[in-house]
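Engineer: Here is the input, now give the coordinates:
(3 chains)
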Amino acid sequence: MKKLQVLLLIGIMLLTGGCWDRTEISDLGLIVATGADLVKEDGEDKVWMTLQMANPVAMVPGGGGGGAGAPRAFWTVSGMGRSVRTASIAVAERIPKRLFWGQNRVFIVGEEAARRNIIPFLDRPLRGHSTRRNTYLVVARGTAKKVLEVEMPTFRASGLALNNILELEGGTEAIMPVTLNDFAYRLGSKVTAPVAPVVSVVPQTSLTVEDIKVPGGPSPTIDISGIAVFNPEGRLLDFLNKEETLGLMLVLNKSKEREITVACPVKGPQEPVIMHLVRSNSRTVVHMDEKGIPSIEVKIRTICDLWEHFGSHPGMTGIPYVQSLEKRVNTHIEKEIKMVVSRAQELNTDIFGFGEEVRRQHRDEWLQLGNHWSEIFPGLEVTVSAETSLRHRGLTIEAPGARKEHLL
Amino acid sequence: MGDIKCLAVWVDGLINNRVSHDLFRSLMLDIPEEKLRRVPKPELTDYINQHFLPFYSTARVTDLTELKRWILMAKMILLVDGCPIGLMLDAEATPMRGITEPVLESVVAGPRDSFVESLRINTALIRSRLGDVQLKSENFIVGRRSNTLVTLMYVEDLANPLIIEEARQRISRVDIDGVIDSSYLKEYIQDRKHTLFPLIKASERPDKAAADLLEGRFVVIVDGSPQILIAPTLFMEFLQSAEDYYLNPLVVWMIRVLRYLALFIATNLPGLYVAVTTFHQELLPIPLVFVVAGARETVPFPAFVEALTILVIFELLWEAGIRLPQVVGAAINIVGALILGQAAVQAGLVSPAMVIVIGATAISNFALGSGYELASSLRLIRVVFLIFGAVLGLYGIALVFLALLVHLAGLRSFGVPYLAPLAPMRPRELKDAMFRAPWWDLAYRPALIAGKDLTVSNTAPPEPPKTPVPRKPEN
Amino acid sequence: MEPGRISNRQLAFLMATVLLATVIYFMPQVAARAVQQDSWITALLSTVWAILVVLTIIALSRRFPGLTLIEYLPLILGKPLGKLLGLFYVFWFLGVGAFVLRQFAMLLNIAVMPATPVAVFMVTMMVLVVYALRGGLEVWTRVNEILLPIIIVALLMIMVLPYESMDFRRLLPVASHPAGVLMVSSLIGASWRGEIFMAAMFIPALTSSRHTSRNLMLMVLIVGLILAAMEVATVAVFGGVNAGELELPIFSLARMISLAKIFDRLEVLIVFTWVLGNFIKICVFMYCSTVGAAQVMGFKKFDFLFFPIAVLMVAFGDNFLENVADFTDFLTHVWGAYGLLSFELVIPFILLLITLIRKPEVKRDTR
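Structural biologist: The predicted model follows:
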């Protein structure tokens, strides 16, 4: 009986004084994407935080009711303050719910903030116990606020759309997802320069279906391609274009599938042949010469399928043709990588992790080289060797009617 | 019987009429008087017993209190004038129902008989399955006023003699007015005063009793109760069903995994749901968050109250469903499912997610194998999990889980650790407890329960014959 | 004093939980700050230290069968000195126990429930521990037999499932730190692993002494491998530098898991293993302090000490380390000396030497 009394006492104590961290799920402002910008206000730098929140009532069947007065599924609010945290708190004052970061998927940093220095903006998301290190980090051309305020015709929330693009299409074409963890790793290495994908607001052009058109002209939409290049100190230097991004992704082993367009090996009209990259594997080898000057060799092996021959001439049958197709892919890849390497050397920022490779492969020499890597990198000799094998041609061999032989 | 006076005593209604009829006929007509006269008077009773009552089980009674008790225990007593010995005739014919299918432990495969209220028939059901000379039974009479016959059965060379001795002592220590059902006895002879868990298994299946006797356990049968007691009992047994041993072992393995899942859901799900939705919302995948949050928007109560309400309603429905006559049962179903459930959800008083959660809990509660006893104790545990989950989140649930484990690990059934063979871990026995290996692989009895002889079988596993079976040439 | 009987397997399981409960969570951070990507080597090196501890303790227990560490201290050193050292040991159990309790509460506070006061976690856990201890040694060792497999499976999942974010090239270059640095950094880890010396308090309760040292050593080895694998996983995901910057690397590791939306958000596992493992660990410390205190003072029973020592432990825990910085500082700078280099290895080793030289008279225990 005495035991029971003790139990009862504990129970009552907990019930009356307990429940410190308790919040009903419906009282939460579920943040799905966050944007951070730097703005000038009265000559002072201020952080401008934009939070995109879900309104679950509108998403449940029968929950919000239909019609014109239906509540919106997402809403976007902004607030200003001295830091990321104070700016977010400023938002909290204006919404009827409790801010909840546990479901935040994307963290967008505005261009201005990134140019100044991105590190202060990353502290809070990395430190906070409810945000995750595998949140996607994206740099916005212009302001993050503008990106989050875009209302997508089909998907409503640009933040979630961004998340889905990065999650589902990461590694395809020039979409290279970067998480806070990846970014922090590169910052921690001190020589490898961090990168992040770029999102920009673009006018919508290709949507013609009447149903999803928003009244008042074509609405803007978001577009992810390209990479923002930082220096190891966390300052945004420049943006890489699509081709350069593709090259970078090949070196970093981030390309999962993409198209490589080469010219048809047959003499005559230069017809495009679209090769589909199925797998690629890159290896960075560091060579040291006698004087202790390193040079880099990037070895890339890829497997491609032939997916399209946009033309009317034959040229896909026979080993020589296949070999010459492979060779063309090789030169294409080599050119792409050389381009991005020279761009990075121009910017003097080691986005490939070559420095780290030197450290891994030649630790003793690195003790000397490491301190002035920024002087060595622009003049670093980088050679690329690509080796491609063509796997399939698909279900047909030549383009329809392309063969010249006549029926017997 | 000529000039010798006899007295037959019985309680009307408890005695087979044919027996009394037979008795009187043989006493009055069959016995030749001249023979009787030659017998000295004090030996008359024995003489009658030896020569004229060949078909009845009889016993000599010399003590008057014993005699009275026999009368009240549905026996017939014959007294002969001048003879100091009474004769007890077993002519019992207590009113009783026939053997039916088990109610609580129904199965698809396997035997379908169940115990009844008569001790004699119950022992017969067991003995007909175990024709072993070593199967012993000991009788006790328990209950100062009810004088209930209690039988302890065990296989002498399989059971652990220490455990049997302990059982003997515990049963003979019991001193109450009456034992109406075996559950009276159960609470007296179990190892712990307060516990939610059944430390002695009650069963209505003779096949289960026989199988358990073969594992070295003992069985206690109480006259008048169709539920016999089996001990020592382990926790894992409540997640097993008699049928497990009649079906394909691989299928049983899957079923058992399902039962572990059911145990988890039945105890934890409401608490876990409340903990996750009120403390750890980041643990839910994003589409689920939207669904749960959206559904909760109109609910006026906190999730904890909501869960508790539906749980209470479910318990009420359960209770009502058992007590009500079957004719009215359908009405309860309609009221419960349609009116309460549907209307509450539509009115926005409870969220559909919560109804699903409690529904899954309720179903799991009954999917625990032979665990009706366990199922009824889980009702309370579930509420404890719910309360702590609502107060301290997942940490609270972990606390309750630990406290429960400590409690379970401290329990013993006739000295055998309740959580065996999990803790203390006995890998060899786990393959019966966790999975159910094929019979040829279950070569050993549980060592903590059984005595010396641990080998169940020496048969090698079945193998296809090495040489092809000779066949008759076709045509 | 009859504390109950446990089997060899149960003792090995008990010690495994004690080692796995905390070292896994903090070691990657401390080791990575010292030697970055080579932290897994220190995990392996510290195994050697732990094996030394096991050997010493077993050798001592062989000389004094049926006696606990506290009981044979006076036999080796003479009564006054032995009792004094015994008292120090009791305070060590109490202090480190309080530290474990505090760090248990701290992780829950940092990572899961920031608004809940630390004391709530400490008090509720202590209530549970006292409840378990009152059930007897046998009961909570049995509980541990169920908990340890759960803990190990959960740890393995956390280790393997973030494979999508792993890059094993982050472990290169291997062994770039000088051997001396690696050895020194292994001491901190070894202090945790050296907690296995508490087996000396349990050896008299064993049902048989066969295979005790083999079991314990095997267990130290397994824990060492798990720990090394965990550090490999941590460095592969976060990189050597960042792993040292994480307050709770394993917790962060669990939060990196995101597999096909099914194995997602698995930090629940961490919370659970953390609570389960620390429950046993605090039980062990509480048991050692109460039994030790009773034996130093010559009491035959120790049940009545549970309550005062529990209160002491919570009080110490609440005031021991005021903040996380103290905490990390303690782990990096004090713990090595306080643990392995004194109470865990060096003192028992000296005791063993004295025993070997002086060969003190062993009073045969009647048990």
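
Engineer: Where does pLDDT dip in chain A?
Structural biologist: Filtered on pLDDT under 70, chain A yields the residue ranges A:1, A:3, A:11, A:13-19, A:60-71, A:153-156, A:204-219, A:267-269, A:406-408.

Engineer: Nearest to chain B within it, name that residue for me.
Structural biologist: Residue of chain A nearest chain B, by C-beta to the nearest C-beta: residue A:102 (2.6 Å). From N, CA and C alone the C-beta is placed, and that goes for glycine too.

Engineer: What sits closest to residue B:244 if chain neighbours are left out?
Structural biologist: Nearest-residue entry for residue B:244: residue B:252, 4.7 Å, with adjacent residues in sequence omitted and distances by C-beta to C-beta, 6 or more residues apart in numbering or on different chains.

Engineer: For the one you found, list the residues it contacts.
Structural biologist: By C-beta atoms under 8 Å, 6 or more residues apart in numbering or on different chains, the contact list for residue B:252 reads B:244, B:435, B:436.

Engineer: Could you give the number of residues near the last one?
Structural biologist: If you count neighbours by other C-beta atoms under 10 Å in any protein chain shown, residue B:436 ends up with 22.

Engineer: At the contact with chain C, which residues of chain B appear?
Structural biologist: Residues of chain B found near chain C (C-beta under 8 Å from any C-beta of the partner chain) are B:279-280, B:282-285, B:392-395, B:398-399, B:401-403, B:405-406, B:409-410, B:417, B:419, B:422-425.

Engineer: Tell me which of those fall in strands.
Structural biologist: Those of the residues of chain B next to chain C mapping onto strands are residue B:417, per DSSP state E.

Engineer: Check the residues of chain B next to chain C for burial and list the buried ones.
Structural biologist: B:279-280, B:282-284, B:392-395, B:398-399, B:401-403, B:405-406, B:409-410, B:417, B:419, B:422-425 (16 or more other C-beta atoms under 10 Å in any protein chain shown).

Engineer: does residue C:155 really touch residue C:21, like I thought?
Structural biologist: No. At 10.6 Å, residue C:155 does not count as touching residue C:21 under the criterion of C-beta atoms under 8 Å.

Engineer: hmm, back to that, mind checking which of the residues of chain B next to chain C land in helices?
Structural biologist: B:392-395, B:398-399, B:401-403, B:405-406, B:409-410 (DSSP state H).

Engineer: Serialize the residues you listed to TSV and add fields for pLDDT.
Structural biologist: Listed next are these as TSV, based on pLDDT from 0 to 100:
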residue	pLDDT
B:392	86
B:393	87
B:394	88
B:395	89
B:398	91
B:399	91
B:401	92
B:402	92
B:403	92
B:405	91
B:406	92
B:409	90
B:410	89
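
Engineer: which stretches of the stretch 101-250 of chain A form helices?
Structural biologist: Listed in chain order, the helices of the stretch 101-250 of chain A (DSSP state H, counting those that start in this stretch) span A:111-116, A:119-127, A:144-149, A:158-169, A:180-189, A:242-251.

Engineer: confidence score at the residue nearest to residue A:22 when sequence neighbours are not counted?
Structural biologist: Nearest residue to residue A:22 in three dimensions, chain neighbours excluded: residue B:278, at 5.0 Å (C-beta to C-beta, 6+ apart). Note for residue B:278: predicted pLDDT of 88.

Engineer: List the residues that contact residue B:278.
Structural biologist: Counting by C-beta under 8 Å, 6+ apart, residue B:278 touches A:22, A:23, A:24, A:25, B:302, B:303, B:304, B:390, B:393.

Engineer: Give me the number of neighbouring residues for the fifth one.
Structural biologist: Think residue B:302. Other residues lying near residue B:302 total 18 when counted by other C-beta under 10 Å.

Engineer: Enumerate every residue touching it.
Structural biologist: A:24, B:278.

Engineer: just to confirm, which helix or strand has residue C:74 in it?
Structural biologist: Taking DSSP states H and E as the definition, residue C:74 sits inside helix C:69-77.

Engineer: what's the spacing between that helix and its chain's center?
Structural biologist: The chain centre lies 23 Å from the centre of helix C:69-77; the measure is C-alpha atoms, centre = their mean, to the nearest Å.

Engineer: Which among the helices of the stretch 101-250 of chain A is found nearest to chain C?
Structural biologist: Across these, closest to chain C is helix A:180-189 (C-beta to the nearest C-beta), at 3.7 Å.

Engineer: picking that back up, out of the contacts of residue B:252, who's nearest residue B:43?
Structural biologist: In terms of C-beta to C-beta, no member of these lies closer to residue B:43 than residue B:244, at 58.1 Å.

Engineer: Tell me the residue of the stretch 301-450 of chain B that sits nearest chain A?
Structural biologist: residue B:391 (4.2 Å).

Engineer: same check, this time on chain B
Structural biologist: Taking C-beta to the nearest C-beta, chain B has residue B:282 as its residue nearest chain A, at 2.6 Å.

Engineer: That residue is in contact with residue A:102, isn't it?
Structural biologist: Yes. Between residue B:282 and residue A:102 there is a contact under C-beta under 8 Å: 2.6 Å.

Engineer: Strands of the stretch 251-367 of chain C, start to end?
Structural biologist: C:258-259, C:263-264 (DSSP state E, counting those that start in this stretch).

Engineer: and what of the stretch 51-200 of chain A?
Structural biologist: A:74-81, A:98-100, A:106-110, A:136-140, A:151-152, A:156-157, A:195-203.

Engineer: swap in chain B?
Structural biologist: Counting by DSSP E, chain B has strands at residues B:6-9, B:58-61, B:76-80, B:86-89, B:135-142, B:148-155, B:201-203, B:218-222, B:228-231, B:412-413, B:416-417.

Engineer: Can I get the ones you listed in CSV including mean pLDDT?
Structural biologist: Output for the strands of chain B, formatted as CSV (pLDDT from 0 to 100):
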stretch, mean pLDDT
strand B:6-9, 83
strand B:58-61, 80
strand B:76-80, 83
strand B:86-89, 82
strand B:135-142, 90
strand B:148-155, 91
strand B:201-203, 89
strand B:218-222, 93
strand B:228-231, 90
strand B:412-413, 88
strand B:416-417, 88
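
Engineer: got JSON lines for those, with distance to residue B:111 too?
Structural biologist: Shown next, in JSON lines, are the strands of chain B (distance: least, C-beta to C-beta, whole Å):
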{"stretch": "strand B:6-9", "distance to residue B:111": "40"}
{"stretch": "strand B:58-61", "distance to residue B:111": "33"}
{"stretch": "strand B:76-80", "distance to residue B:111": "34"}
{"stretch": "strand B:86-89", "distance to residue B:111": "33"}
{"stretch": "strand B:135-142", "distance to residue B:111": "18"}
{"stretch": "strand B:148-155", "distance to residue B:111": "18"}
{"stretch": "strand B:201-203", "distance to residue B:111": "12"}
{"stretch": "strand B:218-222", "distance to residue B:111": "16"}
{"stretch": "strand B:228-231", "distance to residue B:111": "15"}
{"stretch": "strand B:412-413", "distance to residue B:111": "25"}
{"stretch": "strand B:416-417", "distance to residue B:111": "27"}
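
Engineer: Select, out of these, the one closest to residue C:90.
Structural biologist: For residue C:90, the closest of the strands of chain B is strand B:416-417, at 30.8 Å, according to C-beta to C-beta.

Engineer: Thank you kindly, that will do.
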